[in-house]
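J.: A structural model of the following input is requested.
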Amino acid sequence: MNTQQQVIQQSELLNRLVLDRSTAEEVGRINELWLSVREHQVVGFTCKSGILGSKKRSFAWAEIESIGADSIMVNLNPDASDPGKPEPPNNLIGHEIWTDVGNKVGKVADYLFVPETGAVVNYLFVSSGWRGRLDGVYVLPISAIASIGSKRVIVADAAVQEPQLFTPGFTQKVTQAAEFIKEDFQKTKLDLDSLKRGGQQITEQVKDKAQFVGDKAKELSEQVKGQAQVAAEKAKELSEQVKDQAQVAAEKAKELSEQVKDQAQSVTEKAKEKLSEIKPKRQDGAVDGEAEKTIDVSVSLDVEEKSKP
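T.: Take a look at the predicted model:
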């Protein structure tokens, strides 16, 4: 047999779908498990099908191929006879539990068994208020059972003094919920404190980053300012150099003008001397005037030619 669970609860199999593995057809749904109370062993089951479960069919536990989460697979042999419910059948579900000293403990509510073998591991019971236990499902070990009747189970008193809780009841759930709320409150408080510390750290980091960026911007501004000052000084120095060069050029031009003026005066004087040497003796002074005029024009032209660069 293949199974997905090591231990299963009897009530979990009730109304579970039964399928024929060879045909994939629905056989029915589980109505009852057969329990051998002497051996504490599940030996078979009954399934119902049809309208209002009118059709019943029984299977021995060995006919089960596999037990899954949603169905049970069986190898259905149409020629095989129905094994029928074993004798004496007894379910124990609903049996009263009494201690061997005469105290009523509660009632059998369910049992746990190994699906591969059908062997019962533990029974489960609900308390009837014994020792202040008003709700919840508790474990009843097989070893604690002293005898079994048609309606009652006798157990050792010492074995049920502090029974193991299997499923918490309303009271236990309220207690667990209160503890959970308390733990959750403490955890939430710690989370809030951690978040607050994290927020402070982020604020400090942002503040440090902003200061760093501000320092960098200030440093860059100082660099730009220094470069601008250097450029201004360079421009001023270049302006002074241009000014000095212009002054030198002006002085050179003035000096050249003086030289040209001196040369013109020298040429004029030489021309006059030349004129006085070559001027003929004339009777008519008009001719001498024209000659002097001609010499003056020649001297002027000569000065202009020499003054050209």
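
J.: Every contact and neighbour count from this point should use C-alpha atoms.
T.: Fine.

J.: Nearest spatial neighbour of Val43, chain-adjacent residues omitted?
T.: Taking CA to CA, 6 or more residues apart in numbering, and ignoring the residues beside it in sequence, Val43 has Trp61 as its nearest neighbour in space, at 5.2 Å.

J.: tally of neighbours for the one you found?
T.: Neighbour count of Trp61, defined by other CA atoms under 10 Å: 19.

J.: please begin residue numbering at 17 from this point
T.: In the new numbering, first residue 17, that becomes Trp77.

J.: Make sure it is actually in contact with Val58.
T.: Yes. Counting by CA atoms under 8 Å, Val58 is a contact partner of Trp77 at 7.2 Å.

J.: Give the residues shared as contacts by those two.
T.: Counting by CA atoms under 8 Å, 6 or more residues apart in numbering, the shared contacts of Trp77 and Val58 are Gly134.

J.: Poorly predicted segments of the stretch 117-266 of the chain, please.
T.: Applying pLDDT under 70 to the stretch 117-266 of the chain flags the ranges 146-150, 184-202, 204-205, 208, 215, 240, 247.

J.: those strands in it, which residues are they?
T.: Listed in chain order, the strands of the stretch 117-266 of the chain (DSSP state E, counting those that start in this stretch) span 120-129, 136-143, 153-157, 161-164, 168-171, 181-183.

J.: Nearest to Val246 among the ones you listed would be which one?
T.: Taking CA to CA, strand 181-183 is the member of the strands of the stretch 117-266 of the chain nearest to Val246, at 87.7 Å.

J.: Pull up the pairing partners for the closest one, direction included.
T.: The pairing partners recorded for strand 181-183 under DSSP bridges are strand 153-157 (antiparallel).

J.: Could you list the domains of the protein?
T.: Domain ranges of the chain: 18-90, 112-184, 185-270, per automatic domain parsing.

J.: Kindly reformat these as JSON lines containing distance to Gln281.
T.: Shown next, in JSON lines, are the domains of the chain (distance: least, CA to CA, whole Å):
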{"stretch": "domain 18-90", "distance to Gln281": "136"}
{"stretch": "domain 112-184", "distance to Gln281": "138"}
{"stretch": "domain 185-270", "distance to Gln281": "17"}
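
J.: For Ala287, which of these is the nearest?
T.: Nearest to Ala287, of the domains of the chain and by CA to CA, is domain 185-270 at 25.6 Å.

J.: Tabulate the strands of the stretch 117-266 of the chain (a markdown table), appending distance to Arg32 and mean neighbour count.
T.: Listed next are those as a markdown table, based on distance: least, CA to CA, whole Å; neighbours: other CA atoms under 10 Å:
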| stretch | distance to Arg32 | mean neighbour count |
| --- | --- | --- |
| strand 120-129 | 16 | 21 |
| strand 136-143 | 19 | 22 |
| strand 153-157 | 23 | 22 |
| strand 161-164 | 29 | 15 |
| strand 168-171 | 28 | 21 |
| strand 181-183 | 22 | 15 |
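
J.: what would the ones you listed look like in TSV with distance to Ala287?
T.: Listed next are those as TSV, based on distance: least, CA to CA, whole Å:
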stretch	distance to Ala287
strand 120-129	153
strand 136-143	155
strand 153-157	152
strand 161-164	165
strand 168-171	166
strand 181-183	147
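
J.: what's the neighbour count on Cys78?
T.: Check again: residue 78 is Ala, not Cys. Neighbours of Ala78 under the rule other CA under 10 Å: 14.

J.: Same check on Ile109?
T.: Neighbour number of Ile109 under other CA under 10 Å is 15.

J.: can I assume it sits in a helix?
T.: No. Ile109 is assigned coil when assessed by DSSP: H, G, I helix; E, B strand; the rest coil, not a helix.

J.: how about it, what does it touch?
T.: Ile109 is in contact with 123-126, counting by CA under 8 Å, 6+ apart.

J.: Ok, Phe182 next?
T.: 140, 152-155.

J.: Kindly indicate which of these lies nearest Lys288.
T.: Within the contacts of Phe182, the smallest distance to Lys288 is 152.7 Å, found for Gly152 (CA to CA).

J.: from what I can see that closest one touches Pro179, true?
T.: No. Here Gly152 lies out of contact with Pro179, judged by CA under 8 Å, at a distance of 10.9 Å.

J.: of the two, who's got more company?
T.: Set Gly152 next to Pro179 and count neighbours by other CA under 10 Å: Gly152 wins out with 17 against 14.

J.: Next, that one: phi, psi?
T.: Backbone geometry at Gly152, expressed as degrees, to the nearest 10, gives phi 100, psi 160.

J.: likewise Thr115?
T.: Note on Thr115: backbone dihedrals following degrees, to the nearest 10 are phi -80, psi 160.

J.: burial of it, as a residue count?
T.: Count around Thr115 with other CA under 10 Å applied: 21.
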